[in-house]
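1. How does the following fold in three dimensions:
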Amino acid sequence: MAELPGRRPGLFRHIVLFYVNGFRQMTIGRTLWKIIFIKLFIMFAILKVFFFPNFLHTEFNTDQERAEHVADQLTQPAQGMTH
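-> Sure thing, here's the model as predicted:
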């Protein structure tokens, strides 16, 4: 593999090692990352199931009906908007 002009060999490796070593040395940061991942799981997995039902699946029976509805929604002008 040829070297790219202006690129130092191993630059990507040095960047990766910088972040890996930084995460190894974290103490409070690990707890904060765990909290962040738990919150993301709650937002995307649990809330989606209960508060955001699959509208297209419940209202239309076939893929053709779903596709027509989406196309109609994308091509119709917005209601109540004036230019």
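
2. Buried residues of the strand or helix carrying residue 14, list them for me.
-> Taking DSSP states H and E as the definition, residue 14 sits inside helix 11-24. Using 16 or more other C-beta atoms under 10 Å as the test for burial, helix 11-24 gives no buried residues. Every C-beta, even on glycine, is put in place using the N, C-alpha and C of the backbone.

3. Could you export it as CSV, CA atoms only?
-> Only the C-alpha atoms of helix 11-24 are listed here, as CSV (Å, rounded to 0.1, in the frame of the first residue of the first chain):
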residue,chain,number,x,y,z
LEU,A,11,-0.9,8.5,12.5
PHE,A,12,-4.2,6.6,12.8
ARG,A,13,-2.6,4.2,15.2
HIS,A,14,-1.4,7.0,17.4
ILE,A,15,-4.9,8.6,17.5
VAL,A,16,-6.5,5.3,18.4
LEU,A,17,-4.0,4.7,21.2
PHE,A,18,-4.5,8.2,22.5
TYR,A,19,-8.3,7.5,23.0
VAL,A,20,-7.8,4.0,24.3
ASN,A,21,-5.4,5.1,26.9
GLY,A,22,-7.7,8.0,27.9
PHE,A,23,-10.6,5.6,28.4
ARG,A,24,-8.4,3.3,30.5
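
4. please renumber so the chain begins at 79
-> Sure thing, new numbering starts at 79, so read that last one as helix 89-102.

5. average pLDDT across that helix?
-> Averaged over helix 89-102, pLDDT sits at 88.

6. Just after it, pick out the following helix or strand.
-> helix 106-119.

7. Mind exporting the C-alpha coordinates of the very next helix or strand once past that next one to PDB?
-> Where DSSP H and E defines the elements, the next helix or strand beyond helix 106-119 is helix 125-129. Written as PDB, here are the backbone C-alpha positions of helix 125-129 (Å, rounded to 0.1, in the frame of the first residue of the first chain):
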ATOM      1  CA  LEU A 125     -40.000   5.100  24.900                       C
ATOM      2  CA  LYS A 126     -40.200   4.200  21.200                       C
ATOM      3  CA  VAL A 127     -42.300   1.100  21.900                       C
ATOM      4  CA  PHE A 128     -44.800   2.900  24.100                       C
ATOM      5  CA  PHE A 129     -45.000   6.400  22.700                       C
END
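
8. Appreciated, that's everything.
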